[in-house]
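**Q** predicted structure and sequence below. I'll ask about it afterward.
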Amino acid sequence: MTLIGIEAIGTYIPSERHTAEYISEQSGTPVNIIKTKMGMLSKSVPGPDDHTVAMGVKAAKIAVERAGIDPTTDIDLVIWAGEVYAEHPMQTYAIKFQNEVGAEKAWAFDVNQRCGTVVVAMILAKSLMQTQGYKRVLIGSGYRNCDLIDYSNVRTRFMYDLAASGVAMILRNDYPQNVVLEGSVISDGRFSEDVYVPAGGTVMPISCEAIERKLQYLDVTDPVRLKERLDELSMTNFLKVIDDSLERSGFKRENIDYLGLIRMKRSAFEYVANELGVHPYHQSTYFEEWGHMGQNDSIISLEEGLKSGKIRGGDVVVLTAAGIGWSWNAMTIRWGTMGE
């Protein structure tokens, strides 16, 4: 099989912010809890033109410019890995994204697994490139699920950090740089009914009553029971997919040079890093000012790792994700040119 490498990435984070103080005022949660336990000084929120696909397009144009390619002729496939909460219901977001990026030659489709979607898209893209011979695949994502959080609902406090951003990645076939190795995913359907937006689907169509009851926001059916069940296996599954991705890529925990961890509360972030033998702040990036940007976290962590010099040629990089539903994801990358 030919090598599939990352030719370029692009990221976009809106300048608008909800501060810890603002969230505290709206939610009643003490500001010191938000800053320390939740590990959040502020979070990014969308400006007037920062729609879901639009943010992905902004990131994609940066990636295209960095790759130095012509999107009209050089992209064969477009995968939308962003959220389904976007500009309009029932659009095929990948096709909208394809059009606005100008990838006229490509075909496009959507994929979704909540916060695990970018890793899933990378797995799919690599497989399609190796079996169908596509030269370049553009993966795009936008996220603004912060709109779906009601700060007055204490049941969703663990999601107060949901934020906004856009990311994009260009994968290139027969490209021995920044090589995408093996991914690993676990999903557990026993959690599929624990977190969702109650109104707006076929079970409960949107109505004035639903809006008055704030049922258009994310909610948790039984937060105590959810925590009890998740605590039993979440960190175990997180470590399991990382170990599996590493092993299938020919590495072990001690080979990790940089860990692109999804944003989580500070204690969990430090726990995962320490369990893997990775320094949580020298070999990863913690988002105190941007919040949790869903499936975009790992790509933004990759960008920040490169900017800060934490990632160098020859490094083994592991991107991670975990999403409601529930899923746990990991992808191993060998950064730089193979052989460095």
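**A** Ah, there it is.

**Q** three-state assignment of the closest residue to I6 other than its chain neighbours?
**A** Computed as C-beta to C-beta, 6 or more residues apart in numbering, the closest residue to I6 that is not its neighbour in sequence is N178, at 3.9 Å. Where C-beta positions appear, they are placed from N, C-alpha and C, glycine not excepted. Under DSSP: H, G, I helix; E, B strand; the rest coil, N178 falls in the strand class.

**Q** show me where pLDDT drops low in the chain?
**A** For the chain, residues meeting the criterion pLDDT under 70 lie at 339-340.

**Q** show me which helix runs longest in it.
**A** Longest helix in the chain, counting residues (DSSP state H): helix 223-248.

**Q** so which elements touch that one?
**A** Under the contact criterion of 3 or more C-beta pairs under 8 Å, 6 or more residues apart in numbering; DSSP states H and E, helix 223-248 touches strand 177-187, helix 266-275, strand 316-323, strand 327-337.

**Q** switch those over to TSV; also include mean neighbour count and distance to T202.
**A** Shown next, in TSV, are the helices and strands packed on helix 223-248 (neighbours: other C-beta atoms under 10 Å; distance: least, C-beta to C-beta, whole Å):
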stretch	mean neighbour count	distance to T202
strand 177-187	20	23
helix 266-275	17	35
strand 316-323	25	22
strand 327-337	24	23
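
**Q** nearest to I75, out of these?
**A** Comparison of the helices and strands packed on helix 223-248 against I75 by C-beta to C-beta identifies strand 177-187 as nearest, at 16.9 Å.

**Q** quick one: residues in contact with the closest one.
**A** Strand 177-187 is contacted by residues 3-7, 113, 116, 119-120, 122-123, 126, 171, 237, 240-242, 244-245, 248-250, 325-338 when judged by C-beta atoms under 8 Å, 6 or more residues apart in numbering.

**Q** rerun that using 6 Å as the cut-off
**A** Residues outside strand 177-187 that contact it (C-beta atoms under 6 Å, 6 or more residues apart in numbering): 3-6, 119, 122-123, 126, 237, 241, 244-245, 248-249, 327-335, 337-338.

**Q** tilt between it and strand 327-337?
**A** On the basis of axes from the mean of the first three to the mean of the last three C-alpha atoms, to 10 degrees, strand 177-187 is oriented at 170 degrees to strand 327-337.

**Q** got the CA positions of strand 177-187 in CSV?
**A** These are the backbone C-alpha positions of strand 177-187, laid out as CSV (Å, rounded to 0.1, in the frame of the first residue of the first chain):
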residue,chain,number,x,y,z
GLN,A,177,5.5,13.1,4.8
ASN,A,178,3.4,13.4,7.9
VAL,A,179,2.2,9.8,7.3
VAL,A,180,-1.2,8.7,8.6
LEU,A,181,-0.7,5.3,10.2
GLU,A,182,-3.4,3.3,11.9
GLY,A,183,-6.5,4.5,13.7
SER,A,184,-8.7,2.8,16.4
VAL,A,185,-12.3,3.4,17.4
ILE,A,186,-14.6,2.0,20.1
SER,A,187,-18.3,2.9,20.2
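
**Q** the very next helix or strand once past that strand pairs with which strands?
**A** The first helix or strand that comes after strand 177-187 along the chain, using DSSP states H and E, is strand 195-196. Here strand 195-196 is paired, per DSSP bridges, with strand 219-220 (antiparallel).

**Q** now the end-to-end length of stretch 284-302.
**A** With C-alpha to C-alpha, to the nearest Å as the measure, stretch 284-302 spans 9 Å from end to end.

**Q** where's the residue nearest the centre of the chain relative to I311, distance?
**A** Most central in the chain under C-alpha atoms, centre = their mean is Q295, positioned 1.3 Å from the mean C-alpha point. Using C-beta to C-beta, to the nearest Å, Q295 is found at 20 Å from I311.

**Q** the closest residue to G5 other than its chain neighbours in helix, strand or coil?
**A** Counting by C-beta to C-beta, 6+ apart, Y175 is the residue found nearest to G5 once chain neighbours are left out, at 3.6 Å. Here Y175 is recorded as coil under three-state DSSP.

**Q** hmm, S27 is touching Y151, no?
**A** Yes: under the criterion of C-beta atoms under 6 Å, S27 makes contact with Y151 at 4.0 Å.

**Q** strands of the stretch 1-150 of the chain, residue ranges please.
**A** Applying DSSP state E, counting those that start in this stretch to the stretch 1-150 of the chain gives strands spanning 4-12, 17-19, 42-44, 77-80, 107-110, 136-143.

**Q** among the ones you listed, which is the most enclosed?
**A** Of all these, strand 136-143 has the most neighbours on average by mean count of other C-beta atoms under 10 Å, namely a mean of 30.

**Q** paired strands for that strand, with orientation please.
**A** Strand 136-143 has the following sheet partners, assigned by DSSP bridges: strand 77-80 (parallel), strand 165-173 (antiparallel).
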